[in-house]
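Colleague: got a predicted structure here, sequence first:
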There are 2 protein chains.
Amino acid sequence: MTYSYDQLREFTFSMLTKIGCPESDAKTATDVLLSADLRGVDSHGVARLSGYVRLWEKGRINATPNVKVVHETPSTAVVDGDGGLGLVVAPFAMKVAIEKAKIAGTGWVSVKNSNHYGIAGYHAMQALEHDMIGISLTNASPLVAPTFSQERLLGTNPISVAIPAKNQPAFVADMATTTAANGKLEILQRKGMDTPTGWVQDKDGNPTTSATGVKEGGALLPLGGDREHGSHKGYALGSIVDIFSAVLSGANYGPWVPPFVAFLDPDPNPVGEGIGHFFGAMRVDAFRPADEFKAHMDNWISRFREAKPTPGNEKVLIPGDPERELETIRMKEGIPLLDPVVKDLTELGERFGVKF
Amino acid sequence: MTYSYDQLREFTFSMLTKIGCPESDAKTATDVLLSADLRGVDSHGVARLSGYVRLWEKGRINATPNVKVVHETPSTAVVDGDGGLGLVVAPFAMKVAIEKAKIAGTGWVSVKNSNHYGIAGYHAMQALEHDMIGISLTNASPLVAPTFSQERLLGTNPISVAIPAKNQPAFVADMATTTAANGKLEILQRKGMDTPTGWVQDKDGNPTTSATGVKEGGALLPLGGDREHGSHKGYALGSIVDIFSAVLSGANYGPWVPPFVAFLDPDPNPVGEGIGHFFGAMRVDAFRPADEFKAHMDNWISRFREAKPTPGNEKVLIPGDPERELETIRMKEGIPLLDPVVKDLTELGERFGVKF
């Protein structure tokens, strides 16, 4: 089934106000959540709405948080999310980073006591209109085994970096630090297909191509897949995201990060508060005149886009190209939702008296 | 042949003063270069010394540069390396980042008009003694093909992040954004062995396992190896390093980065000056008390190090463990150099009247 952006927006907004979010928070959270659906990161959009609601029902999400800066220097801050929706806490923190950058040249904000913040790219992209480079990192529930580890100790811990250009669209990287995101596994599971090598290990720590390997107690693998293909680099990247997001702020890190699913309880002995994020904003003209920088970014992007492609491939893509193209299409033609998601949202709406 | 650290240090220092480096610069550059040999990154140590000298002979390295800050804000600066050795320019720039961080909380420095800066990790680690997190990035001569590109457009563009701990040794990630660094290819070439899949493509852009593939006009592949294994992520990371290092500073980027080897001329139509680096320093206590942070880093490191290993592996490593262990051994037992390197350094010494 395909739904218009406006239909999904109204439903999401109504649901969020039903659980007690103030209108402006509900509006922000809806905007973040739906940007995932528009950009094709379907696993992080409305498909997650009932998950957030179940966490709220368990008392693990605060619908009326007092989000605030608890420590700061000219170019840094720590934000306490007060257990609020990451979809609300993250935009607040990114704004703080941008305001710091206006004065100090750059702004860096580490966040504790938050929850899942939607797609990383949304937050990084907030910097673009200010002629700033935006950076967005978050830790997440442990599903990933470091190189040589049988245990899951890291989340898919994404990195997003958004860089403005002049006439070209912005460069927007947004990626999990694993070989493949969990959403891709779910697609293969539904199709009953195997994964490529290097995506998953089984519960004993052996490589597997079973798409259900993670569900059965295995783990996702860091970018690289195995040592010979550089998985120690993906593991290091995921670790850096974890440390910047949570050890700097005072959130839970590594295996202590609370699970997103409401049916699993958080560790009874936490090492911090909630989950953590990290945001950066760098004013381009803190380095060189913005016009000059953006003209060179146009040149960079054109040169890469026009590179001679490898046999069988049409062209070289710039990070952000596929998501931007899909956003244009889906805004016009609507957002396709899978049957289980439609069923889930219909039931959710019925339970709260909101028509889906 | 094995040489003591002191032997190699004296030779390198003498050679650098012979080409006209002031003593304090020669001392700094020697320290950076030899840290690569100690830490096992043999391709970036004394093996490169004759390469730097040949660039100086071609007039492409300035032995007495006027390295200076040309633009700044409270938390940022641009450094012009004046064509100096990257081994001298980079420590200057990292110092600026650290000084900025003391006042503004963080410091971020982009560098233009520089040359190869040795190992990325050395520079990031300068932050540790100040209870700061250090970050070090650099672009490099184009040897890497972006996903779907037949052309080489990026260098191996490394990322290093050093994070202090309390009783545990520091976390030090230092990695090329390719599946494998060029040094590993050279080892396989000497042994006449093939590479694993995902390291190299041939001159037509097809995957190959030939260790000579890059020499024959092919390219190194971004971390991930191919699209199915996430090479678009390695490509995005290498691109971010390139843009932060060179588009922000005004250095050459992408395919315009001048080659390290003196027998290849730089592009006659450069888009900037020299090669570029990017450094960051973040004061830990700009976020939370340093003692608290470092105690949690100890906990993070212990938990990961003690994780249950996968079958056939002894233990989970922390980024920086192998290099630190090797440093201790080599400082005591000496640094092994391959015969071609010994021959190269002997000839270099003879040419300049310095005994190797």
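Modeller: Arrived safely, thanks for sending.

Colleague: which residue ranges form the helices in the stretch 151-300 of chain A?
Modeller: A:182-191, A:231-242, A:290-305 (DSSP state H, counting those that start in this stretch).

Colleague: near chain B, which residues of the stretch 251-356 of chain A?
Modeller: Neighbours of chain B within the stretch 251-356 of chain A, by Cβ under 8 Å from any Cβ of the partner chain: A:253-255, A:271-272, A:282-284, A:286-288, A:292-293, A:296-297, A:299-300, A:303-304, A:307-311, A:313-317, A:319. C-beta: built from backbone N, CA, C; applies to glycine.

Colleague: mind checking which of those residues land in strands?
Modeller: A:Met282, A:Arg283 (DSSP state E).

Colleague: put the buried members of the residues of the stretch 251-356 of chain A next to chain B into a PyMOL selection.
Modeller: Here is the PyMOL command that selects only those of these that count as buried (16 or more other Cβ atoms under 10 Å in any protein chain shown):
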select buried, chain A and resi 253+254+255+271+272+282+283+284+286+287+288+293+296+297+299+300+303+304+307+309+310+316+317+319
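
Colleague: burial check on A:Gly40, number of neighbours?
Modeller: Other residues lying near A:Gly40 total 18 when counted by other Cβ atoms under 10 Å in any protein chain shown.

Colleague: A:Asp42 and chain B: what is the separation?
Modeller: Per Cβ to the nearest Cβ, to the nearest Å, A:Asp42 is found 18 Å from chain B.

Colleague: ok, now which ones touch the residue of the stretch 251-356 of chain A found nearest chain B?
Modeller: In the stretch 251-356 of chain A, the residue that lies nearest chain B is A:Thr310 (3.4 Å; Cβ to the nearest Cβ). Shown in contact with A:Thr310 (Cβ atoms under 8 Å, 6 or more residues apart in numbering or on different chains): B:Ala145, B:Phe148, B:Ser149, B:Gln150, B:Gln201, B:Asp204, B:Gly205, B:Asn206.

Colleague: now, of those residues, which are buried?
Modeller: Of the contacts of A:Thr310, these count as buried by 16+ other Cβ under 10 Å: B:Ala145, B:Phe148, B:Ser149, B:Gln150, B:Gln201, B:Gly205.

Colleague: for the last one, phi and psi?
Modeller: Here is the backbone geometry of B:Gly205 (degrees, to the nearest 10): phi 90, psi 10.

Colleague: now do it against B:Lys184, distance only.
Modeller: Taking Cβ to Cβ, to the nearest Å as the criterion, B:Gly205 is separated from B:Lys184 by 21 Å.

Colleague: who does A:Ser149 form a beta bridge with?
Modeller: Bridge pairing for A:Ser149 (DSSP bridges) gives the partners B:Pro309.

Colleague: list the contacts of it.
Modeller: Residues in contact with A:Ser149 (Cβ under 8 Å, 6+ apart) are A:Gly205, B:Phe304, B:Ala307, B:Lys308, B:Pro309, B:Thr310, B:Val316.

Colleague: which of those residues sit farthest apart?
Modeller: A:Gly205 and B:Phe304 (14.9 Å; Cβ to Cβ).

Colleague: hmm, back to that, just name the most buried of the helices of the stretch 151-300 of chain A.
Modeller: helix A:231-242 (a mean of 27; mean count of other Cβ atoms under 10 Å in any protein chain shown).

Colleague: show me what that helix is packed against.
Modeller: Contacts defined by 3 or more Cβ pairs under 8 Å, 6 or more residues apart in numbering or on different chains; DSSP states H and E place helix A:231-242 against strand B:159-163, strand B:171-175.

Colleague: burial measure for A:Lys58, as a count.
Modeller: For A:Lys58, the count of nearby residues is 12 (other Cβ under 10 Å).

Colleague: enumerate every residue touching it.
Modeller: A:Ala262 are the contacts of A:Lys58 under Cβ under 8 Å, 6+ apart.

Colleague: now do it against chain B, distance only.
Modeller: Counting by Cβ to the nearest Cβ, the separation of A:Lys58 from chain B is 26 Å.

Colleague: and for A:Gln201?
Modeller: 7 Å.
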